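Trainee: just to be clear, the model below is a prediction. Sequence and coordinates:
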Amino acid sequence: MRKNIVAGNWKMNTTVPEGVALAKEVNAALKGTKANCDVIICVPFTHLVPVNDVIDNTVLGLGAENCADHASGAYTGEVSAPMVASTGARYVILGHSERRQYYGETSETLREKVALALENGLTPIFCIGEVLEERENGTYNEVVRKQIEEGLFNLCAEGFSKIILAYEPVWAIGTGKTATADQAEDMHAFIRSVIEEKYGKEVAENTSILYGGSCKPSNAKELFAKPDVDGGLIGGASLKCADFMGIVEAFN
Ligand code: PEP
């Protein structure tokens, strides 16, 4: 059966000491409760080693927010999948809309990143989602289908079964405007049907599909109650322990 997951995406926030303090707080909160989902924090590269040192991987998973599309070499400023894996991190966000929009990430680059992440034992949290114009002109299903087909459908079923998907409508990210639970469910069910067409029912049923976009304690329960919504990828609300834990507790 697929897992329920709440994953934080800290983006480019917190200094190392601030990040370590936040990670410690989340770790302690998780130790004091029984979370009914897997909990992950995805942090800036600089934070991976010191955060890994202060968390207990049995209650809190650690991930990066990106990795390079090459394994090593003359790529100044890049951080590779083997480097991320060597910190103790087990997850990596790939294809976040901010990377697609601001850093020109294409499906071609993302295929390389996904392959390198998997080769190095990292679980990709692969993001997909339409922009406002595509929501409004009704092309959102086709946009998301294309992102999945181009970014992931080169994988064999075994490779694909290691992927966590995150549906993040771009118009809902950081805007305070959340997709309704019904909009999220419709899209998640559509995504699962696209996976089923390619890999069959078992793989589709076992794929965790997270919702992301202004998810907060006040709307998480309604979103996560939908049958095809298997948790959330959380930006802003992952930067405050109480808010993040409020979302984790939506599964209780
Ligand atoms: C995100 O960036 O992945 C995200 C979902 O952000 P927010 O929760 O702030 O909308």
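Mentor: Received it, and whenever you're ready, just let me know what you need.
Trainee: chain center to stretch 165-180: distance?
Mentor: 13 Å (CA atoms, centre = their mean, to the nearest Å).
Trainee: what's in contact with it?
Mentor: 7, 93, 96-98, 101, 125-132, 135, 140, 144, 148, 183-184, 187-188, 191, 207-216, 219, 223, 233, 235-236 (CB atoms under 8 Å, 6 or more residues apart in numbering). In this view, the C-beta of every residue, glycine as well, is placed from N, C-alpha and C.
Trainee: contacts only, for the residue of the stretch 151-252 of the chain found nearest the ligand.
Mentor: Nearest residue of the stretch 151-252 of the chain to the ligand, counting by CB to the nearest ligand atom: residue 235, 2.2 Å away. By CB under 8 Å, 6+ apart, the contact set of residue 235 is 8, 9, 11, 173, 174, 212.
Trainee: what subset of those is buried?
Mentor: 8, 9, 11, 173, 212 (16 or more other CB atoms under 10 Å).
Trainee: need the pLDDT of the closest residue to the third one other than its chain neighbours.
Mentor: Looking back up the chat, that one is residue 11. Excluding its sequence neighbours, the residue lying closest to residue 11 (CB to CB, 6 or more residues apart in numbering) is residue 235, at 6.1 Å. You'll see residue 235 listed with a pLDDT of 98.
Trainee: tell me the helices and strands packed up against the helix or strand containing residue 193.
Mentor: Element membership for residue 193, per DSSP states H and E: helix 181-199. If contacts are counted by 3 or more CB pairs under 8 Å, 6 or more residues apart in numbering; DSSP states H and E, helix 181-199 sits against helix 140-152, helix 157-160, strand 164-167, helix 201-206, strand 209-212, helix 217-224.
Trainee: and those as a markdown table, adding distance to residue 105?
Mentor: As requested, the helices and strands packed on helix 181-199 are exported to a markdown table (distance: least, CB to CB, whole Å):
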| stretch | distance to residue 105 |
| --- | --- |
| helix 140-152 | 10 |
| helix 157-160 | 20 |
| strand 164-167 | 15 |
| helix 201-206 | 25 |
| strand 209-212 | 16 |
| helix 217-224 | 26 |
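Trainee: rewinding a little: relative to residue 118, which of the buried ones among the contacts of residue 235 is nearest.
Mentor: residue 9 (20.0 Å; CB to CB).
Trainee: the buried ones among the contacts of residue 235: which two are farthest apart?
Mentor: 8 and 173 (13.9 Å).
Trainee: what does the stretch 101-250 of the chain have sitting close to the ligand?
Mentor: 168, 173, 174, 212, 213, 214, 215, 233, 234, 235, 236, 237 (CB under 6 Å from any ligand atom).
Trainee: what pairs with the one residue in the stretch 1-150 of the chain that gets nearest to the ligand across the strands?
Mentor: Closest to the ligand within the stretch 1-150 of the chain is residue 9: 4.3 Å, counting by CB to the nearest ligand atom. For residue 9, the beta-bridge partners under DSSP bridges are residue 42.
Trainee: alright, that wraps it up for me.
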